[in-house]
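J.: below are the sequence and a predicted model for it; my questions follow.
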Amino acid sequence: MRNYRRYGAEYGRQPVRGGQKPDRNRLVVIGLIAVVVILFGLYLRTGKRNTPANENANTSTLVNTNAFSLTPTGPALTTVDCTAVVSRGTTTEKVIALTYDVGTKPGDVDKTVPVVKAANVPAAFFVPGKLAETERASVELIRDAGFPVYNHSYDNLRFPTLTAQEITAQLESTESFISGITNTTTKPYMRLPAGASNAAVIEAVRAAGYCPLTWTVDGLDIQSDATATSVVTRVMRFVEPGAIILLHAGSDLAATVTPQIVSQAQAEGFRFVSLDELFRLGKPAGAVTNTNTTPTSNGNASASERSVNTTQPA
């Protein structure tokens, strides 16, 4: 035992002779360390790193998408395409877009949104900034259901009564309130309150980065004498390829008529699409001005009234 210990002690003190090679394990470790250092250096030079610009992207770079759309994401229109008020897409395909206006008070939005979701079709909601400011939960409900939220002014004032600066302020404040909830821009679509416009309004809306929209047929579901039958009958009377249907999410009829309109339109061969898909299939059609017309007493409009709003607020 003594001899073993003596051998070990002496071995530990043996000098390295001139021709003796270093330990192979040590060389392997040194080589691995060198490889790791080189790879880490390459990562730092070429790897994608977050910058403040990436982390704090403002809403002007956001894209509004539709959870139901099977087409490429991103807006189908720019302000270049919207030289007039847009009331429909120009296509011969039997595609239609379902849209809802929300008022400055939520009304029956909490009943309507789940029904639209259950219908399993694309839809778009146009919301005033005032509602987003005071009734955040309503916008969150729409967002969480997967529907896009677009601009419907701040408080539903008729744009022809406002200056260009006031129109810009209405749109920008609404964009701020809604995008703060959805983290998505409201552009490029905005719904004109009551469909009211003129050449100066169109110019101001486009300058703010929006396409001014109205509709092909308004269901008139907020009329005091409206019934489920009158709303469905009116919509189905005027539905056509490229049509934009308008209902009001806060009305007490929207949740009732939505499944009926969807089922009847599908039975007639129509396919519901997002606004983006509608305008990819056919560029917008409309008129430079939009005249408000009072509906007939039975809730059905004449052919000249299908693309105009009622005198009721949107």
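T.: Thanks, I have the structure now. Numbers count the residues shown, from 1 in each chain.
J.: under the pLDDT cut-off, which ranges of this structure? List them.
T.: Within the chain, the stretches falling below the threshold (pLDDT under 70) are 1-25, 27-29, 37, 40-75, 285-314.
J.: could you pick out the longest strand of it?
T.: Looking across the chain with DSSP state E, the single longest strand is strand 95-101.
J.: please enumerate residues in contact with the helix or strand that comes right after that one?
T.: Going down the chain from strand 95-101, the next helix or strand is helix 109-119, by DSSP states H and E. Applying Cβ atoms under 8 Å, 6 or more residues apart in numbering, the external contacts of helix 109-119 come out as 98, 100, 102, 123, 125, 138, 141-142, 145-147, 249-251, 254-255, 258-259, 262. Heads up, the C-betas are built off the backbone N, CA and C, glycines and all.
J.: what packs against the helix or strand just after helix 109-119?
T.: Next in sequence after helix 109-119, counting helices and strands by DSSP H and E, comes strand 124-127. Packing contacts for strand 124-127, counted by 3 or more Cβ pairs under 8 Å, 6 or more residues apart in numbering; DSSP states H and E, involve strand 95-101, helix 136-144, strand 149-151, strand 189-191.
J.: let me have those in a markdown table, extended by mean neighbour count.
T.: A markdown table is the format used below for the helices and strands packed on strand 124-127 (neighbours: other Cβ atoms under 10 Å):
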| stretch | mean neighbour count |
| --- | --- |
| strand 95-101 | 25 |
| helix 136-144 | 18 |
| strand 149-151 | 27 |
| strand 189-191 | 26 |
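J.: got the angle for the longest strand of the chain vs helix 136-144?
T.: Angular relation of strand 95-101 and helix 136-144 on a 0 to 180 degree scale: 160 degrees, by axes from the mean of the first three to the mean of the last three Cα atoms, to 10 degrees.
J.: related to what we said a few turns ago, which among the contacts of helix 109-119 end up buried?
T.: Neighbour-count burial (16 or more other Cβ atoms under 10 Å) applied to the contacts of helix 109-119 gives 98, 100, 102, 123, 125, 138, 141-142, 147, 249-251, 254-255, 258, 262.
J.: wait, which of those is closest to Val273?
T.: Nearest to Val273, judged by Cβ to Cβ, of those is Leu98 at 9.1 Å.
J.: from Val35, how far off is the closest one?
T.: Distance of Leu98 to Val35, given as Cβ to Cβ, to the nearest Å: 59 Å.
J.: coming back round to it: biggest separation within the buried ones among the contacts of helix 109-119, which pair?
T.: Pairwise distances across these (Cβ to Cβ) peak at 22.1 Å, for the pair Ser138 and Val262.
J.: can I get the longest strand of the chain as PDB, trimmed to CA atoms?
T.: Output of strand 95-101 as PDB, limited to C-alpha atoms (Å, rounded to 0.1, in the frame of the first residue of the first chain):
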ATOM      1  CA  VAL A  95     -70.700  36.600 -53.000                       C
ATOM      2  CA  ILE A  96     -72.000  39.100 -50.400                       C
ATOM      3  CA  ALA A  97     -70.700  40.800 -47.300                       C
ATOM      4  CA  LEU A  98     -72.500  41.000 -44.000                       C
ATOM      5  CA  THR A  99     -71.900  44.100 -42.000                       C
ATOM      6  CA  TYR A 100     -73.200  45.600 -38.700                       C
ATOM      7  CA  ASP A 101     -73.200  49.100 -37.500                       C
END
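J.: that strand pairs with which strands, and in what direction?
T.: Here strand 95-101 is paired, per DSSP bridges, with strand 124-127 (parallel), strand 244-248 (parallel), strand 271-272 (parallel).
J.: out of these, which comes closest to Ser87?
T.: Taking Cβ to Cβ, strand 244-248 is the member of the strands paired with strand 95-101 nearest to Ser87, at 6.6 Å.
J.: and the contacts of whichever helix or strand comes after the closest one?
T.: Going down the chain from strand 244-248, the next helix or strand is helix 254-267, by DSSP H and E. With Cβ under 8 Å, 6+ apart as the contact definition, helix 254-267 has outside contacts at 96, 98, 100, 108, 111-112, 115-116, 118-119, 121, 219, 221, 228, 231-232, 235-236, 239, 245, 247-248, 272.
J.: between helix 254-267 and strand 95-101, how big is the angle?
T.: Using the same axes, to 10 degrees: helix 254-267 against strand 95-101 is 170 degrees.
J.: CA-only coordinates of helix 254-267 in CSV, if you can.
T.: Output of helix 254-267 as CSV, limited to C-alpha atoms (Å, rounded to 0.1, in the frame of the first residue of the first chain):
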residue,chain,number,x,y,z
ALA,A,254,-80.5,41.6,-35.4
ALA,A,255,-80.0,38.4,-33.4
THR,A,256,-83.3,37.1,-34.7
VAL,A,257,-82.9,37.9,-38.4
THR,A,258,-79.2,37.1,-38.9
PRO,A,259,-79.7,33.3,-39.0
GLN,A,260,-82.6,33.6,-41.3
ILE,A,261,-80.8,35.9,-43.7
VAL,A,262,-77.7,33.6,-43.7
SER,A,263,-79.7,30.4,-44.3
GLN,A,264,-81.9,31.9,-47.0
ALA,A,265,-79.0,33.6,-48.9
GLN,A,266,-77.0,30.4,-48.8
ALA,A,267,-80.0,28.4,-50.0
